[in-house]
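> Structure, please.
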Amino acid sequence: MGAAAGFVTAYATVRAAQAFGDLRAPYPPFAQRNPLQYGRARRKLAVAGLARGIGSAATFAFFVADPLERALRPLPRALRVPAFALAALTLDTLRDAGVAYVEDLVLERVYGMSHQSAREWAIDQAKATAIAALVTVVLTVLADAAITRAPRRWPWLAIASTPVLLALATVIAPTFVLPLFNRYEPLTGELEERIRALAARYGVGDAAILRFDMSRQTAKANAFVTGVLGTERIALADTLIDTFSADEILFVVAHELGHYVRRDTWRGIAVATVAVALMILGADALLRRTTGRDVDSAGQGARLAFYAQLVTLVLGPLTNAVSREIERRADRFAVAATNDAGAGVRAFRRLGEQNLAEFDPPRWAELLFASHPSLASRIRVLEASA
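Next comes the predicted model:
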């Protein structure tokens, strides 16, 4: 535990120093955009992030949680658990501010992937933290109520509520959360007409078709179809619209429509619910085995969260494998919908160039971290079907 705490503290300290240095004299961008170099950097950060996450959770659960809980005892019973969770969130946010700044802003800038200013980035971070705080309060209040009223049955109550909460998030996020970070405007013109005609073939002709200013944060291109129960939206980044040809954009939109038509949103909720169930039950079993106690305090809740992170680490490759198969199905749908596999090949090549993505990353990295198949494998499938 001492080594974990030392690693987390040292990592955060180095990043804070780098962030301070960049604020004084910004690091210049590289002369060339190298996808292999960028991919290696991102993989190293992903591995470091896993280690930091486990180390941070362990440090808080076994060093900080109990003293913090004692400090909050003067508060009324109903306020202790949300105050405990907010304190944990605040500590993590402050400690990792330099990490986030360097790895999310500076790295993207030096590779030519972002022109966002430090001030704009900080405003987005503040919004995200405020949303995280609100979600944290709501979830911890619900969790505390379940544990207090049903100390033996709370895991099953939590599992049963997961699909409901995820469905609500699917409705709330595109309607209220995403517009806090980007400006969404109706797309007009010939491209909108072609997209609507394509969507109408699959029962989504009345969806809102929107353009959003993703270029505020990044040069990467993206599009998505989101929403359920009448909140459907087809959203295209300005970075996609301004750099891709119309047939390439239609293929990308057809891929995203494939997720909607195949009910991948609901499938994702089902997969997430199973993952949450395994996480909760596994973490609860580990907690009982190591401490011999139920979740009878905020400190025990922190230790439960630590074990939940360990279980999630094990489940990650499995959920990523399911996600990659879902993406492959959406590619096949796009080919059938557009009858233009060649446009898909061009779109994926352009996507790789614009997003500075490795076309064929190491197999181990794909298995551990990738929610999408490699661009090289997707292109091979499309070329075979052309």
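
> Can you tell me the SS state at residue 224?
Secondary structure, DSSP: H, G, I helix; E, B strand; the rest coil: residue 224 is strand.

> Read off the pLDDT value for it.
Per-residue pLDDT puts residue 224 at 87.

> Count the residues that sit near it.
For residue 224, the tally of surrounding residues (other CB atoms under 10 Å) stands at 18. To be clear about C-beta, it is placed using only N, CA and C from the backbone, and glycine gets the same treatment.

> for residue 234, same thing?
Residues near residue 234, counting by other CB under 10 Å, number 24.

> show me where the stretch 201-350 of the chain has helices.
Assigned by DSSP state H, counting those that start in this stretch, the stretch 201-350 of the chain shows helices spanning 238-241, 246-261, 264-291, 298-338, 341-355.

> now for the last one, which elements pack on it?
This means helix 341-355. helix 246-261, helix 298-338, helix 375-385 (3 or more CB pairs under 8 Å, 6 or more residues apart in numbering; DSSP states H and E).

> Please save the CA atoms from it in CSV.
This file holds the C-alpha atoms of helix 341-355, laid out as CSV (Å, rounded to 0.1, in the frame of the first residue of the first chain):
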residue,chain,number,x,y,z
ALA,A,341,-18.0,-0.7,-49.4
GLY,A,342,-15.4,1.4,-51.3
ALA,A,343,-16.7,4.5,-49.5
GLY,A,344,-16.3,2.7,-46.2
VAL,A,345,-12.6,1.9,-47.1
ARG,A,346,-12.0,5.5,-48.0
ALA,A,347,-13.8,6.7,-44.8
PHE,A,348,-11.7,4.4,-42.6
ARG,A,349,-8.5,5.5,-44.2
ARG,A,350,-9.4,9.1,-43.8
LEU,A,351,-10.5,8.5,-40.3
GLY,A,352,-7.2,7.0,-39.4
GLU,A,353,-5.2,9.9,-41.0
GLN,A,354,-7.4,12.5,-39.3
ASN,A,355,-7.6,10.9,-35.9
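
> what packs against whichever helix or strand comes after it?
Proceeding N to C from helix 341-355, the next assigned helix or strand is helix 363-369, under DSSP states H and E. Where contact means 3+ CB pairs under 8 Å, 6+ apart, helix 363-369 is packed against helix 35-59, helix 298-338.

> between the last one and helix 341-355, how many degrees?
Between the axis of helix 298-338 and that of helix 341-355 there is an angle of 140 degrees, by axes from the mean of the first three to the mean of the last three CA atoms, to 10 degrees.

> and helix 298-338, how far out from the chain's middle?
Mean-position distance between helix 298-338 and its chain equals 10 Å (CA atoms, centre = their mean, to the nearest Å).

> Counting by contacts, list what that helix packs against.
helix 35-59, helix 65-71, helix 77-95, helix 246-261, helix 264-291, helix 341-355, helix 363-369, helix 375-385.

> still on that earlier bit, reformat the helices and strands packed on helix 341-355 as TSV; add mean pLDDT, distance to residue 238 and mean neighbour count.
Converted to TSV, the helices and strands packed on helix 341-355 look like this (pLDDT from 0 to 100; distance: least, CB to CB, whole Å; neighbours: other CB atoms under 10 Å):
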stretch	mean pLDDT	distance to residue 238	mean neighbour count
helix 246-261	93	12	22
helix 298-338	95	21	18
helix 375-385	93	22	16
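
> In JSON lines: the helices and strands packed on helix 298-338, plus distance to residue 2.
Formatted as JSON lines, the helices and strands packed on helix 298-338 follow (distance: least, CB to CB, whole Å):
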{"stretch": "helix 35-59", "distance to residue 2": "9"}
{"stretch": "helix 65-71", "distance to residue 2": "16"}
{"stretch": "helix 77-95", "distance to residue 2": "17"}
{"stretch": "helix 246-261", "distance to residue 2": "46"}
{"stretch": "helix 264-291", "distance to residue 2": "18"}
{"stretch": "helix 341-355", "distance to residue 2": "40"}
{"stretch": "helix 363-369", "distance to residue 2": "27"}
{"stretch": "helix 375-385", "distance to residue 2": "43"}
